[in-house]
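Enquirer: Below: sequence and its predicted model.
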Amino acid sequence: MTGLASALASLAAAGALAAGGVLAPGAGQPAPRTALVIDAPAARDGRALVDPRLRATEADVRLPRSAAEARTDVRYFAAQGYDRVIVAGPRSTAAAADAHLATVRAADLSGALAAVRR
């Protein structure tokens, strides 16, 4: 009988924790999705094709090599419902302007990474 009471008490405690997690502020809401679209030349670090700071970011990153790729990347993230699309570089910035999309514009890679953290 003691084993049954102990099991019921454990079950009740687990249920209370689960209910608390569901009712907590912000629970059940996905984290905002952020995307970076940075012209490939602006995303380099010396000889490295991709700046290491981009690998460490939690944002989805695209590095377009042409204006057509930039347009495709910007429109893709907008169509996927990303909360924020950050653009840097002349191609990516022009693609966002041509598509009439609300984006965050950054002057360079450092500015784009700073915008991700905001």
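Expert: Thanks, I have it.
Enquirer: which residues are contacting stretch 107-117?
Expert: Stretch 107-117 is contacted by residues 34, 36, 38, 42-43, 51, 53-54, 57-59, 84, 86-88, 104, 106 when judged by C-beta atoms under 8 Å, 6 or more residues apart in numbering. Quick note: C-beta positions are derived from backbone N, CA and C, even for glycine.
Enquirer: go again using 6 Å as the cut-off
Expert: Here stretch 107-117 makes contact (C-beta atoms under 6 Å, 6 or more residues apart in numbering) with 34, 36, 38, 42-43, 51, 53, 57, 59, 86, 88, 104, 106.
Enquirer: Filter those down to the ones in helices?
Expert: Arg53 (DSSP state H).
Enquirer: Is there a quick ChimeraX command that grabs whichever of the contacts of stretch 107-117 are buried?
Expert: To isolate the buried members of the contacts of stretch 107-117 in ChimeraX, using 16 or more other C-beta atoms under 10 Å:
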select :34,36,38,42,43,51,59,86,88,104,106
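Enquirer: Any idea which of the contacts of stretch 107-117 the model trusts least?
Expert: Within the set of those, pLDDT is lowest for Asp51 (87).
Enquirer: correct me, but that one touches Ala42?
Expert: No: counting by C-beta atoms under 6 Å, Asp51 stays clear of Ala42, with 9.0 Å between them.
Enquirer: tell me the domain ranges of the chain?
Expert: Listed by automatic domain parsing, the domain ranges of the chain are 1-29, 34-117.
Enquirer: In this structure, what residue spans correspond to strands?
Expert: 34-38, 60-62, 84-88, 104-106 (DSSP state E).
Enquirer: contacts for the second one?
Expert: If I follow you right, that is strand 60-62. For strand 60-62, contacts defined as C-beta under 6 Å, 6+ apart pick out 35-37, 54, 73.
Enquirer: what two of those are the furthest from one another?
Expert: Leu54 and Asp73 (14.1 Å; C-beta to C-beta).
Enquirer: got a markdown table for the strands of the chain, with distance to Ala97 too?
Expert: Formatted as a markdown table, the strands of the chain follow (distance: least, C-beta to C-beta, whole Å):
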| stretch | distance to Ala97 |
| --- | --- |
| strand 34-38 | 12 |
| strand 60-62 | 17 |
| strand 84-88 | 9 |
| strand 104-106 | 9 |
